[in-house]
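Student: got a predicted structure here, sequence first:
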Amino acid sequence: MSASGTQTSKRSHGPIKKKTNTLQNAALLKVLLGCIGHTPRSKEQIAEITGLTKTTVGRWINLLHRRHGKTLNLVYIAEWTRVGERQYPLALWKLGYGMFDVPKPPRRAKKEYNAAWRKRQRNNPTVTTTEKGMKHVAR
C-alpha cells in the first residue's frame, strides 16, 4: 500500500518481447536458400534436405515469397509437378529475386481421372478365397 492507503498496480514495461536467435535464423536462411539456389524443390524436399520441420520451411517460404510494396519476392514457383495417386499439382520453389510464378496447371478433366482409375483397376488383380480354400485371381 502506498502512503495514501490505496493499492498501486505494477507498472508495465511495454510489450513482451520474444527472444529470437538472430545467428541461428541467419544460418537457417542460408541453408534454405542454398538448397533451392540451382534446383527447384518442393517444401517437403527442402525440409528433408535441411532437417527443418515442414512448418518451419513453409513459414520461411511464405515469408520470402511475399511482395511488400516495392520490395519484390526472393523465391518463386519455378514449375509444377504432379504427385501422388490423385496427381495433385505440387509447387517447386527456386531462388530468384523479383521473378514471377509459373501459372498453376489447369485441373484435369473428369474423363482423364476416370481413365486413370480404369487403368489402375485393370492392373490390380482381385484375389478372393473360396469356401474350399482355393484362391481365385481375376483382373
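Tutor: Good, I have the coordinates. Numbering: from 1, shown residues only.

Student: just the element for K111, please.
Tutor: Using DSSP states H and E, K111 sits within helix 110-123.

Student: what is the mean pLDDT for that helix?
Tutor: Per-residue pLDDT over helix 110-123 has a mean of 84.

Student: C-terminal to that helix, what's the next element?
Tutor: strand 126-129.

Student: by contact count, what packs against that following strand?
Tutor: Packed against strand 126-129 by the contact rule (3 or more CB pairs under 8 Å, 6 or more residues apart in numbering; DSSP states H and E) you find strand 135-138. Glycine gets a C-beta too; all of them are placed from N, C-alpha and C.

Student: follow-up on the earlier one: list the buried residues in the helix holding K111.
Tutor: For helix 110-123, the neighbour count (16 or more other CB atoms under 10 Å) marks no residue as buried.

Student: and stretch 61-72, by the same measure?
Tutor: For stretch 61-72, by 16+ other CB under 10 Å, it's 61, 64.

Student: any chance you could map the helices in the chain?
Tutor: For the chain, the helices defined by DSSP state H cover 22-35, 43-50, 54-65, 110-123.
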